[in-house]
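K.L.:
no FASTA, just this:
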């Protein structure tokens with residue numbers, strides 16, 4: 001029995017190790033290829049490391065402008081999504097009606113709706129409204145596409161805030177919006193940080209929507225400009241592609257670091273209504 005248990009543990013560890021290697025190898029390739037002037041598809045440490053790949057891609061047209069466009073596009077859409085998600089989740093969490101469940105099921109259905117299914121009519125609508133090739137129109141559409149998932153998560157976190165705290169604020173004369181701003185939101189900041197990070201990451205890696213709605217090269221975000229490394233003919237420069245990929249992940253890492261303190265917090269509600 002002991003030998004069988006030991007064999008089972010060894011087998012499980014080997015399987016987990018194999019899965020871990022499959023995840024680590026692409027990351028090692030990106031790291032090694034970014035400092036290798038002659039990088040290929042093999043994972044190998046360069047014999048003569050260089051920062052030439054980073055110098056080659058760090059210019060306005062290749063990196064600076066696309067990354068800035070992506071930050072404006074995804075940051076604006078994420079903030080707009082969060083504002084709308086909070087305003088939609090608050091009545092769903094606080095006021096129980098017979099329409100809550102059908103509405104939430106509709107929201108859940110919308111989270112699984114493929115974006116390609118609605119892209120053709122959306123593009124036709126954008127053409128009629130003259131919103132094609134505009135950052136504002138693209139921000140509104142990306143926020144709309146991310147809103148169902150954000151509403152669902154925001155309501156879940158908002159349900160964790162006791163209604164008793166708001167009732168105490170109502171007794172003191174605060175209205176619903178005042179209670180939402182002064183009581184509910186400060187207590188659910190960790191949840192808001194989670195939703196904001198997930199929303200921003202989903203938008204940051206979105207290639208299809210900005211590729212369809214933005215036509216001018218000077219307005220394209222980094223998720224689309226990375227496509228230029230893959231030419232129609234010939235082989236891409238893997239070293240520069242790897243260097244650009246590392247730079248491309250920087251805004252997401254910075255966002256996570258900035259909000260990590262919020263993520264580390266919990267809903268510290270103990271004793272909040274004592275006294």
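P.N.:
That came in fine, so what should we check first? Just so we're clear, the structure is a prediction, and the values are computed from it rather than from any experiment. Numbers count the residues shown, from 1 in each chain.

K.L.:
Nearest spatial neighbour of residue 216, chain-adjacent residues omitted?
P.N.:
Nearest non-adjacent residue to residue 216, counting by CB to CB, 6 or more residues apart in numbering: residue 133, 5.6 Å away. To be clear about C-beta, it is placed using only N, CA and C from the backbone, and glycine gets the same treatment.

K.L.:
secondary structure class for the one you found?
P.N.:
Under DSSP: H, G, I helix; E, B strand; the rest coil, residue 133 falls in the coil class.

K.L.:
ranges for the helices of the chain?
P.N.:
With DSSP state H applied, the chain shows helices at 2-34, 52-57, 65-94, 100-111, 116-128, 135-158, 163-171, 176-179, 185-187, 189-204, 208-213, 222-225, 238-248, 250-264, listed in chain order.

K.L.:
mind checking which of the ones you listed is nearest residue 40?
P.N.:
Closest to residue 40 of these, according to CB to CB: helix 238-248, at 6.1 Å.

K.L.:
contacting residues around that closest one?
P.N.:
Here helix 238-248 makes contact (CB atoms under 8 Å, 6 or more residues apart in numbering) with 29-41, 52-54, 56-58, 62-63, 67, 222-223, 226, 229.

K.L.:
what's the angle between it and helix 189-204?
P.N.:
Using axes from the mean of the first three to the mean of the last three CA atoms, to 10 degrees, one finds that helix 238-248 and helix 189-204 are set 150 degrees apart in direction.

K.L.:
before we move on, the earlier item: quick one, which of the helices of the chain is nearest to residue 46?
P.N.:
With CB to CB as the measure, helix 2-34 is the member of these nearest residue 46 (6.3 Å).

K.L.:
Which residue, other than its chain neighbours, is closest to residue 84?
P.N.:
Distances taken as CB to CB, 6+ apart place residue 147 nearest to residue 84, at 5.8 Å, with adjacent residues excluded.

K.L.:
Can you go through the contacts of helix 238-248 and name the buried ones?
P.N.:
Neighbour counting by 16 or more other CB atoms under 10 Å classes 29-30, 32-37, 39, 53-54, 56-57, 62-63, 67, 222-223, 226, 229 among the contacts of helix 238-248 as buried.

K.L.:
Looks like the residue nearest to residue 216 contacts residue 212 (just checking).
P.N.:
No - using CB atoms under 8 Å, residue 133 is not in contact with residue 212, being 10.5 Å away.

K.L.:
Okay, now the unreliable bits of this structure?
P.N.:
Across the chain, residues meeting the criterion (pLDDT under 70) sit at 1-2, 231-234, 261-275.

K.L.:
still on that earlier bit, now the helices of the chain as CSV including distance to residue 46?
P.N.:
As requested, those are exported to CSV (distance: least, CB to CB, whole Å):
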stretch, distance to residue 46
helix 2-34, 6
helix 52-57, 10
helix 65-94, 25
helix 100-111, 43
helix 116-128, 40
helix 135-158, 38
helix 163-171, 58
helix 176-179, 58
helix 185-187, 49
helix 189-204, 28
helix 208-213, 33
helix 222-225, 25
helix 238-248, 9
helix 250-264, 22
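
K.L.:
any idea which of those is most buried?
P.N.:
helix 222-225 (a mean of 23; mean count of other CB atoms under 10 Å).

K.L.:
helices or strands next to that one in the packing?
P.N.:
On a contact count with 3 or more CB pairs under 8 Å, 6 or more residues apart in numbering; DSSP states H and E, helix 222-225 meets helix 65-94, helix 208-213.

K.L.:
Let's check: the centremost residue of this structure is which one?
P.N.:
Centrality entry for the chain: nearest residue to the mean C-alpha point is residue 201, 1.8 Å, by CA atoms, centre = their mean.

K.L.:
residues contacting the closest residue to that one other than its chain neighbours?
P.N.:
Closest residue to residue 201 apart from its sequence neighbours, by CB to CB, 6+ apart: residue 252 at 5.7 Å. By CB under 8 Å, 6+ apart, the contact list for residue 252 reads 200, 201, 204.
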